[in-house]
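# Below are the sequence and a predicted model; questions follow.
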Amino acid sequence: MPCTLSLWSAGSLVPARARFTTCDSNPEPHIESLGQRIDWPRHFFQPFFQRIHPTRTMNPSPTQAIVPQALITEDSRLPGAPELHYANGQLHLEGVRLLDLAQALGTPLFAYSKHSMLEALKRYQLGFEGRRARVHYAMKANSNLALLQLFARAGCGFDVVSQGELERVLAAGGLAKDVIFSGVGKTRGEIARALKEGILCFNVESTPELEVINEVALALGLVAPISIRVNPNVDPKTHPYISTGLKDNKFGVAHEETLALYLHAKMLKGLRIEGIDCHIGSQITTTEPYVDALNRVLDLVEQIESHGMPIHHLDFGGGLGIQYKDETAPDANVLWKTLWRVLDARGFGDRHVMVEPGRSLVGNAGVCLSTVQYVKPGEQKNFCIVDAAMNDLPRPAMYEAFHAIVPLSLHIPAEPAVFDVVGPVCESGDWLGRERTLSVAAGDVLAVLSAGAYCTSMSSNYNTRGRAAEVLIDEQQWHLIRDRETTADQLRLEKLLD
């Protein structure tokens, strides 16, 4: 029975074309790489196997195979580089050694690079130079007040999907007039609050919502600025849970029904038509879906304006992807140079354009630090049990998403092995990474990369676990921007029976 394991080349996060093999017909382990065979004596691997399985000899099961080299080196370019890098064998974010943060503040701990976020924003701003365009940060990606403050100071508006997010913008020093309110289920109370604060625009996603906004506005003696979110039926080629522009998604108004809804909105006295909106999904890594959606939206704008309804702004949403493993998403500056060419060619280059990026601004800027509690060998798998869990970092459990996991120190004496990295939550779905090659022992600290987006903002108190602390790093300085949540914090709003 053969045992085969793909090796990982040092300095890369993609598998090399090599494998470790042992089988019944040839009991000696050997390496097969690019058509060449290298025999490795069995005693090379035996000491490690007897350390994790003292009662067993080396098992030919694939899940027990051991790689003879580490996953990364000092020169590895990680997701989040150059701000995230190794120096003298220690992982740093900007100028701060992350092990120092873990020791000072404990784990789990989220750390974000200020420089990385502002550089990501700059790529959009470069693409908008000389144009009437603005970035509205989609704060559902990460709604920490300090990050909202940072983006407000950098000239961003905001895209919100709840009253709570609107209140966060205001608490962080943002202005309501710079806020776009999206989402399919706005309540009357949320609509009223947003109208009273004077937001920039509602992105409307259905006929019933349009009518409710009109009713609330009339009751308040106000006029609601609106745009209609179009569902262009364009496949963004991403995970189905984060695809939002297809006919079977709950978002937006069908392309063929949009004109009729604009005509209906024109008749409602509590509404003022401002623009049109389109957002096709998230973690998009190619240019083509954006170009396709843009052309379909511009077709609609021409139809709408031919009926006497001027469209003052074009909102193209967000969705640009980042690197989690080996993805290569288009640079925001390059993407928007392409889209401006389309806009110019069709006579829309002078329109006011808005975009709503979230993940692409903060995703690669963040890491989650987590301490190894136990290394647990098993019959089918080895488990690296850490103190971060699905309540801290839910993307793997929700989407089977990949996050690179690396050690804070490259100078760990433990032998490399293949592990599932899992948390302490009482769920089999509580995993952060599967089949990861790590040199790790209890007490070591790992970093889960690309953790700046849709991690803390989606975190929970499942198993009565407190939410993690958060830190913003600015060159050699760090600032605690969220205290670690305590059990007392969780119990404060609950009441016992008399």
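That came through, no problem.
# what comes up buried for the helix or strand hosting residue 294?
For residue 294, the host element (DSSP states H and E) is helix 288-306. Neighbour-count burial for helix 288-306, counted by 16 or more other CB atoms under 10 Å, picks out 289-294, 296-298, 300-301, 304. Yep, even glycine has a C-beta here, placed from its N, CA and C like the rest.
# Equivalent analysis for stretch 99-115, please.
99, 101-102, 105, 107-115.
# just to revisit the earlier point, tell me how far the helix holding residue 294 lies from the chain's centre.
27 Å (CA atoms, centre = their mean, to the nearest Å).
# buried residues in the next helix or strand along the chain from that helix?
Once helix 288-306 ends, the next helix or strand along the chain (criterion: DSSP H and E) is strand 313-315. Within strand 313-315, the residues scored as buried using 16+ other CB under 10 Å are 313-315.
# Next secondary structure after strand 313-315?
Next helix or strand after strand 313-315 toward the C-terminus (DSSP H and E): helix 332-345.
# Using PDB, write down the CA coordinates of that next one.
In PDB, the C-alpha atoms belonging to helix 332-345 read as follows (Å, rounded to 0.1, in the frame of the first residue of the first chain):
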ATOM      1  CA  ALA A 332      -6.800  48.300  -8.000                       C
ATOM      2  CA  ASN A 333      -5.000  51.000  -9.900                       C
ATOM      3  CA  VAL A 334      -4.600  48.800 -13.000                       C
ATOM      4  CA  LEU A 335      -8.200  47.600 -12.700                       C
ATOM      5  CA  TRP A 336      -9.600  51.100 -12.600                       C
ATOM      6  CA  LYS A 337      -7.500  52.200 -15.600                       C
ATOM      7  CA  THR A 338      -9.200  49.400 -17.500                       C
ATOM      8  CA  LEU A 339     -12.600  50.400 -16.300                       C
ATOM      9  CA  TRP A 340     -12.100  54.100 -17.000                       C
ATOM     10  CA  ARG A 341     -11.200  53.200 -20.600                       C
ATOM     11  CA  VAL A 342     -14.700  51.500 -20.900                       C
ATOM     12  CA  LEU A 343     -16.400  54.500 -19.200                       C
ATOM     13  CA  ASP A 344     -14.600  57.000 -21.500                       C
ATOM     14  CA  ALA A 345     -15.400  55.000 -24.600                       C
END
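# so what secondary structure elements neighbour it?
helix 114-127, helix 288-306 (3 or more CB pairs under 8 Å, 6 or more residues apart in numbering; DSSP states H and E).
# So for it, mean pLDDT?
Taken as a whole, helix 332-345 carries a mean pLDDT of 96.
# Name the residues of that helix that are buried.
Buried residues in helix 332-345 (16+ other CB under 10 Å): 332, 335-336, 339-340, 343.
# What pairs with the following helix or strand past that helix, parallel or antiparallel?
Past helix 332-345, further along toward the C-terminus, the next helix or strand under DSSP H and E is strand 352-355. Applying DSSP bridges, strand 352-355 is found paired with strand 133-138 (parallel), strand 313-315 (parallel).
# What average pLDDT does strand 352-355 get?
The model assigns strand 352-355 a mean pLDDT of 98.
# which element follows that strand toward the C-terminus?
Immediately after strand 352-355, counting by DSSP H and E, sits helix 359-362.
# neighbouring contacts of that next one?
112, 117, 120-121, 137-138, 141-142, 147, 151, 282-283, 318-322, 329, 332, 452-454 (CB atoms under 8 Å, 6 or more residues apart in numbering).
# Filter the residues you listed down to the buried ones.
With neighbours counted using 16+ other CB under 10 Å, the contacts of helix 359-362 contain these buried positions: 112, 117, 120-121, 137-138, 141-142, 147, 151, 282-283, 318-322, 329, 332, 452-454.
# What is the end-to-end distance of stretch 218-231?
Length of stretch 218-231, first residue to last, CA to CA, to the nearest Å: 28 Å.
# quick one: average confidence on it?
The average pLDDT within stretch 218-231 is 96.
# Have a look at this structure and report the helix or strand with the lowest mean pLDDT.
Across the helices and strands of the chain, the lowest-confidence element by mean pLDDT, DSSP states H and E is strand 36-39, at a mean of 36.
# where in the chain is pLDDT low?
1-71, 235-250 (pLDDT under 70).
# care to break it down by domain?
3-64, 84-112+364-491, 182-357 (automatic domain parsing).
# Switch those over to TSV; also include distance to residue 74.
Shown next, in TSV, are the domains of the chain (distance: least, CB to CB, whole Å):
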stretch	distance to residue 74
domain 3-64	9
domain 84-112+364-491	5
domain 182-357	19
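# of those, which approaches residue 176 most closely?
Closest approach to residue 176 among the domains of the chain (CB to CB): domain 182-357, 3.8 Å.
# If you count contacts, what does the longest strand anywhere in the chain end up packed against?
Taking DSSP state E as the criterion, the chain has its longest strand at strand 366-376. If contacts are counted by 3+ CB pairs under 8 Å, 6+ apart, strand 366-376 sits against helix 98-105, strand 109-113, strand 383-386, strand 445-448.
# closest to residue 404 out of the ones you listed?
Taking these one by one with CB to CB, strand 445-448 is closest: 7.6 Å.
# The helix or strand following that closest one packs against which elements?
Sequence-wise, the next helix or strand downstream of strand 445-448 (DSSP H and E) is strand 469-474. Here strand 469-474 touches helix 98-105, strand 109-113, helix 114-127, helix 145-153, strand 477-482, going by 3+ CB pairs under 8 Å, 6+ apart.
# what's in contact with the next helix or strand along the chain from the fourth one?
With elements assigned by DSSP H and E, the helix or strand that comes after helix 145-153 is strand 157-160. Here strand 157-160 makes contact (CB under 8 Å, 6+ apart) with 134-140, 148, 151-152, 165-166, 169, 174, 178-183, 200, 318, 354, 356, 358.
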